[in-house]
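Asker: Show me the folded form of this:
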Amino acid sequence: MNPTAADPSTRTTAVPDGPGAPMLRQALAALCEFFQTLTPSTLNGLGQHYAEGATFKDPFNEVVGVPAIEAIFGAMFRQVDEPRFVVRSTLMDGSRACIVWDLEFRFKGAQPAQMQRIHGASWLEFDSSGKVVRHRDYWDAAEELYEKIPVLGTLMRFLRRRLAH
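Answerer: Residues are numbered from 1 along each chain as shown. The predicted structure is shown next:
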């Protein structure tokens, strides 16, 4: 992802690595653009970026295959309002990459419908054709999600304070 005037914190760091590096950097940029513009109607384009047997893991899911990965993102659109990924930075080293992102959304039915944000990172591995074969998301479900749910959030914040040094 190239830096943008709108967000100077967005940057890409690429480690030069062999003749396939430009194609893999292009695949990473296209994937970032795909996620930043993801809608329910563009979700079926996931197969353009992921290999048929790709694996995906996040704090709640572990699946194999493009249809299963599509189902996870499809559920996101059903569970929250206005989800939007914002890529903050990327790092590429050969066929591996890290994307630092924010997911902005609103809880369905929440009043007032306040914008929420989950900060996370994705670790990706690409095959030689530039498709993702492994996708692992890292984010703190307790801090980024549970603490934002009214009753559960109170308990989670209490536990965090109680366990802190």
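
Asker: C-terminal to the longest helix along the chain, what's the next element?
Answerer: Ranked by number of residues, the top helix in the chain under DSSP state H is helix 21-36. Downstream of helix 21-36, the next assigned helix or strand under DSSP states H and E is strand 50-57.

Asker: so what strands line up beside the helix or strand that that following strand is followed by?
Answerer: Sequence-wise, the next helix or strand downstream of strand 50-57 (DSSP H and E) is strand 62-64. Applying DSSP bridges to the sheet, strand 62-64 is found paired with strand 50-57 (antiparallel).

Asker: Just the CA trace of the partner strand, in CSV.
Answerer: This file holds the C-alpha atoms of strand 50-57, laid out as CSV (Å, rounded to 0.1, in the frame of the first residue of the first chain):
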residue,chain,number,x,y,z
TYR,A,50,-6.6,-16.3,-2.0
ALA,A,51,-5.4,-19.8,-3.1
GLU,A,52,-8.1,-22.5,-3.2
GLY,A,53,-6.8,-24.3,-0.1
ALA,A,54,-5.8,-21.1,1.9
THR,A,55,-6.0,-21.2,5.7
PHE,A,56,-7.5,-18.4,7.8
LYS,A,57,-7.3,-18.1,11.6
